[in-house]
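S.K.: got a sequence here, can you model it:
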Amino acid sequence: MALTARTLIEQSLAAIEMGDHDVLETCLHPEVIYRRPGQPILSGREAVIDYYRRHRSAKTSQILVDEMVCEGDRVVAMGLVEGRGHDGAPIHERFADAYRIEDGLIRERTTYFFRQGF
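M.R.: So this is what the prediction gives:
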């Protein structure tokens with residue numbers, strides 16, 4: 001039985017938080033696209049998993065979702081990431097993630113951060 005969109009996103013965020021790359025991989029479409037501000041676009045499941053294994057700036061994190069809106073194949077999750085970077089610096093970052101679901105898996109994810117605008 002396929003997961004609901006809400007459960008899929010909750011499961012993926014919990015896997016990211018725990019560093020469980022095997023579970024995260026099961027949430028991602030093979031052709032997933034992940035966009036993050038100021039970073040190259042990640043294309044494909046392997047590229048996204050490699051990012052979380054080797055390049056993620058947070059050493060530890062807690063992902064707190066304040067709100068999630070699910071409509072058809074679209075999901076928006078808003079919340080806060082708290083934790084520590086690899087250098088020990090604190091992380092306190094508000095975010096919004098926009099997702100597109102395809103075949104019961106995350107096909108696209110775009111992350112936005114709450115920072116001073118232009």
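S.K.: what is the helix or strand of the chain with the lowest mean pLDDT packed up against?
M.R.: In the chain, no helix or strand scores lower on mean pLDDT, DSSP states H and E than strand 58-71, which sits at a mean of 92. Applying 3 or more Cβ pairs under 8 Å, 6 or more residues apart in numbering; DSSP states H and E, we find strand 58-71 packed against helix 5-18, strand 74-85. In short, each C-beta sits where N, CA and C put it, glycine included.
S.K.: what's the longest one in contact with?
M.R.: Yep, that's helix 5-18 we're talking about. 3, 20-21, 23-24, 27-28, 52, 61-63, 65, 68, 70, 73, 75, 77, 97, 99, 101, 104-106 (Cβ atoms under 8 Å, 6 or more residues apart in numbering).
S.K.: next: stretch 37-45.
M.R.: Contacts of stretch 37-45 (Cβ under 8 Å, 6+ apart): 25, 28-36, 48, 51, 111-113.
S.K.: okay, now Leu105: neighbour count?
M.R.: 18 (other Cβ atoms under 10 Å).
S.K.: quick check: closest non-adjacent residue to it.
M.R.: Nearest residue to Leu105, sequence neighbours excluded (Cβ to Cβ, 6 or more residues apart in numbering): His29, at 4.0 Å.
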